[in-house]
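test case, fold it:
(chains A and B)
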Amino acid sequence: MASNRDWTWFYRLGSPRWFYETTGRWLPWLWALTLVLLVAGLVWGLGYAPQDAKQGNSFRIIYLHVPVSFLALAGYYLMAIAGAIGLIWKMKLSYMVMKSAAPIGAVLTFLALFTGAVWGKPTWGTYWVWDARITSMLILLFLYLGVLALQYAFHSQEAGNKASAILALVGTVNIPIIYKSVDWWYTLHQPATIKLTSAPSMHIDMFQPLLVMIVALYSFYALALILFIRAEILQRERKAAWVCDLALRADQGSAGEDKE
Amino acid sequence: MKFQFDSVQQMLEMAGHGQYVWTAVLVTLLMMAWLLVRPLQVHRAHLKTIAQQLRREQRRRITQEDNQ
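Residues are numbered from 1 along each chain as shown, chains lettered A, B, ... in the order given. The predicted structure follows:
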């Protein structure tokens, strides 16, 4: 008896309705947190952090480049784990998480490459090189796009989910390659600035705003993911009574506004 | 902690690096904004479609009952 009850949280977590209603309460706080952190981090990094002795002001791109790259990678783990949970436990919600993580990851990976290229021009003298880190990030972008494309490649949602999840899982091979690429092939991209196991290799005045921006991007990621998942829930659960209720109430609300 | 630039002009130029830094900032913020706006648009569109569908079914049911 007791063991049955212990697992209810797990099933509740898999309930789209429970997720939709709970995150609805979190959203205002998450919006506020994200915007405050982003503004604070950007003003601090772009205006107050000291110039880099060698790179001058171009180093300020680090306040975008490193946080978006972090989340591009962390987002891939999340997507692959969600896919695995979907395959193993056939949890509806986890496939929605997987599908929602794909466009966000693709945009963040693109931004990592883009900000890297714009930073590369004044620093290395070129926008693009086939360096190990950059190439493996490009592969990451294709993996995200592949997962997204597979979602629409099948007539049945079920088949699309499974194919996406398998691609996402196979693609995790690329993640340690990306992390290690700067150590294995010492081509052009510099090694990591921040490691969990040692002190950062940058001055504290430069490091603090970077930390704020990283936290800001985590918060932004959570917000974007929740928004995508909520839209996906409405689409996939459109036959459910609670969604119909919600739609009618929203419709009446907007009709009332039109009249006034 | 002190502000690194004396004027807006100086901050825009960033001693020759302004074009790179501000391009990166602008593109990043625009694409991040898209990641927040897009799901909200889709969310609203879904609600609208579902409500329309329900009304259409309701109307059909009423006319069927009238015919009988």
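
give me every residue in chain B lying close to chain A.
B:1-5, B:11, B:14-18, B:20-21, B:23-25, B:27-28, B:31-32, B:34-36, B:38-40, B:42-43, B:46-55 (C-beta under 8 Å from any C-beta of the partner chain). Just so you know, the C-beta spots here come from the backbone N, C-alpha and C atoms, and that holds for glycine as well.

restricted to buried residues, select those residues in ChimeraX.
Command for ChimeraX that selects the buried part of the residues of chain B next to chain A, burial taken from 16 or more other C-beta atoms under 10 Å in any protein chain shown:
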select /B:4,5,11,14,17,18,20,21,23,24,25,27,28,32,35,38,39,42,43,46,47,50,51,54
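
where strands are concerned, which of the residues of chain B next to chain A count?
With strands taken from DSSP state E, there is no overlap with the residues of chain B next to chain A.

filter the residues of chain B next to chain A down to just the ones in helices.
B:11, B:18, B:20-21, B:23-25, B:27-28, B:31-32, B:34-36, B:38-40, B:42-43, B:46-55 (DSSP state H).

flag the shaky bits of chain A, pLDDT-wise.
Per-residue confidence for chain A (pLDDT under 70) gives these ranges: A:1-13, A:186-187, A:193-200, A:255-260.

which residues sit against stretch B:27-43?
A:64, A:68, A:100, A:103-104, A:107, A:110-111, A:114-115, A:220, A:223-224, A:227-228, A:230-231, A:234-235 (C-beta atoms under 8 Å, 6 or more residues apart in numbering or on different chains).

and the closest residue to A:Asn174 other than its chain neighbours, how many neighbours?
Leaving aside its chain neighbours, A:Asn174 sits nearest to A:Ile139 (5.5 Å; criterion: C-beta to C-beta, 6 or more residues apart in numbering or on different chains). Applying other C-beta atoms under 10 Å in any protein chain shown, we find 15 residues neighbouring A:Ile139.

was I right about A:Ile139 contacting A:Val173?
No. Judged on C-beta atoms under 8 Å, A:Ile139 makes no contact with A:Val173 at a distance of 9.9 Å.

any idea whether the residue nearest the centre of chain A is helix, strand or coil?
Among the residues of chain A, the one closest to the centroid is A:Gly75, at 4.1 Å (C-alpha atoms, centre = their mean). Following DSSP: H, G, I helix; E, B strand; the rest coil, A:Gly75 is assigned to helix.
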